[in-house]
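Novice: got a sequence here, can you model it:
(one chain, ligands or ions: 1)
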Amino acid sequence: MTQTLLETPEYLVRRPRRNRKDSSIRSLIQETRLHPSNLVAPLFIIEGQNEKQALPSLPGVYRYSVDFLIQEVQELYQLGIRAVDLFPIIPPERKDPFGSESLRPGNLLQTTLEALKREIPEMCLMVDIALDPYTDHGHDGLVTEEGEIDNDTTLDVLAEMSLNAADAGADVIAPSDMMDGRVAHIRHKLDSYGHTNVNILSYAAKYASALYGPFRDTLGSGLKKGDKKSYQMNPANVREALIECTLDELEGADFLMIKPALSYLDVIAKVREQTNLPIAAFHVSGEYAMVLAAAEKGWCDADKVLWEHLTAIKRAGADFILTYAAKGFAKNLLN
Ligand code: PBG
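Specialist: Model (predicted):
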């Protein structure tokens, strides 16, 4: 090799490729590695029996009735996945402006939690807490007559939902609604009923993203009108995310989540510098679906791209990742 312009000694110049020379060396010095136990599988539940329905905008993902869900959760556990996040799908005739179904004793979420805790107690059960699966307008909170999102009355419903979920066997409560003060409110409610051991995974920095489309298709929770910008964050802001995370930490959150993940890697990295709490990231429906759609056209290899994306999310600072790719990754174990 001829001398470089800066006259760096050759033994240094050749180090980078020396350190990539074969697969043993490469794997020895790999800085980030995914493991099934760092992945959380989001799962959609429907009423009825014997149901496993494919989801058109989320290839490879299904909605299950409880009997089939139990089998699926057992399979996930055998593959090394240690946590699932549950999303009930409510039929439209059961939705109303108040999301009343969310508090009905014996509703789908409660019966599912009870069944899973009974059949596979070792799996960590997370539940998403917000009103959008239950309201006919599709908002995460209650709406006043003037059309405003009513922060404080929503808090009472969220706390009640959280208590019911904890009573039914939830291990982790994950409020995704973005109301102010909900972490403290939920913590207080859980503690007053003796659930001091139930964790709170706060969706601390959740953005008003266009990437939730396939999820809203699946739940039928698309907004009738308007948007969620008065409670979900502006995608252009990162300092605001740090404020949200600080508040949730002070209110008692056990884990902080950033959502979506890929377009917010800088946010994950900045929050990582600020907190010692575990950080979660939600690799959301749109992020997953885009890769699968491109792969269907033959434009990319879905497994490899998903591996690259999930690795990037972990490299940015996430300790665990909620992703629709969890099962596929655990089966194929690229690394
Ligand atoms: C509900 C909720 C949403 C997602 C998770 N919880 C949708 C929304 O806020 O509109 C999105 C998840 C995904 O897209 O995979 N509050």
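Novice: next, the buried residues of stretch 135-150.
Specialist: Within stretch 135-150, the residues that count as buried by 16 or more other CB atoms under 10 Å are Thr135, Asp136, His137, Gly138, His139, Asp140, Gly141, Leu142, Val143, Ile149, Asp150. Bear in mind the C-beta positions are built from the backbone N, C-alpha and C, glycine included.
Novice: ok, so of these, who is nearest Gln274?
Specialist: The closest of these to Gln274 turns out to be Asp140 (CB to CB; 25.4 Å).
Novice: which helix or strand lies directly C-terminal to the longest helix seen in the chain?
Specialist: Identified as the longest helix of the chain according to DSSP state H is helix 151-168. As assigned by DSSP states H and E, the chain's next helix or strand after helix 151-168 is strand 172-175.
Novice: what's the helix or strand just after that following strand packed up against?
Specialist: Downstream of strand 172-175, the first helix or strand assigned by DSSP H and E is helix 182-192. Contacts defined by 3 or more CB pairs under 8 Å, 6 or more residues apart in numbering; DSSP states H and E place helix 182-192 against helix 151-168, strand 172-175, strand 199-206, helix 239-251.
Novice: any residue of helix 182-192 touching the ligand?
Specialist: No. Helix 182-192 does not reach the ligand (CB under 6 Å from any ligand atom); its nearest approach is 11.9 Å.
Novice: mind checking the pLDDT average for that helix?
Specialist: Per-region confidence: helix 182-192 scores 98 on mean pLDDT.
Novice: and that helix, what's buried?
Specialist: Arg182, Val183, Ala184, His185, Ile186, Arg187, Lys189, Leu190.
Novice: just checking, the fifth one touches Pro175?
Specialist: If I follow you right, that is Ile186. Yes. Counting by CB atoms under 8 Å, Ile186 does reach Pro175; the two are 6.2 Å apart.
Novice: hey, what's in contact with both of those two?
Specialist: Common contacts of Ile186 and Pro175 (CB atoms under 8 Å, 6 or more residues apart in numbering): Ile129, Leu158, Ser162, Ile200.
Novice: and the residue of the stretch 1-150 of the chain closest to the ligand?
Specialist: The nearest approach of the stretch 1-150 of the chain to the ligand comes at Ala130, 3.7 Å away (CB to the nearest ligand atom).
Novice: identify the residues contacting stretch 222-233?
Specialist: With contact meaning CB under 8 Å, 6+ apart, stretch 222-233 is reached by 136-141, 147-149, 177-179, 205-209, 216, 240-241, 244.
Novice: out of those, which touch the ligand?
Specialist: Checking the contacts of stretch 222-233 against the ligand (CB under 6 Å from any ligand atom), the matches are Asp140, Arg216.
Novice: before we move on, the earlier item: now the two most distant members of the shared contacts of Ile186 and Pro175.
Specialist: Leu158 and Ile200 (11.2 Å).
Novice: need the overlap of contacts for the two.
Specialist: With CB under 8 Å, 6+ apart as the test, Leu158 and Ile200 both reach Pro175, Ile186.
Novice: assign a three-state SS to Leu113, would you?
Specialist: Of the three states, Leu113 takes helix under DSSP: H, G, I helix; E, B strand; the rest coil.
Novice: residues in contact with it?
Specialist: Contacts of Leu113 (CB under 8 Å, 6+ apart): Leu86, Leu125, Val127, Ala165, Ala168, Gly169, Ala170.
Novice: please convert the shared contacts of Ile186 and Pro175 to a markdown table, extending it with neighbour count and pLDDT.
Specialist: Shown next, in a markdown table, are the shared contacts of Ile186 and Pro175 (neighbours: other CB atoms under 10 Å; pLDDT from 0 to 100):
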| residue | neighbour count | pLDDT |
| --- | --- | --- |
| Ile129 | 26 | 97 |
| Leu158 | 25 | 97 |
| Ser162 | 26 | 98 |
| Ile200 | 23 | 98 |
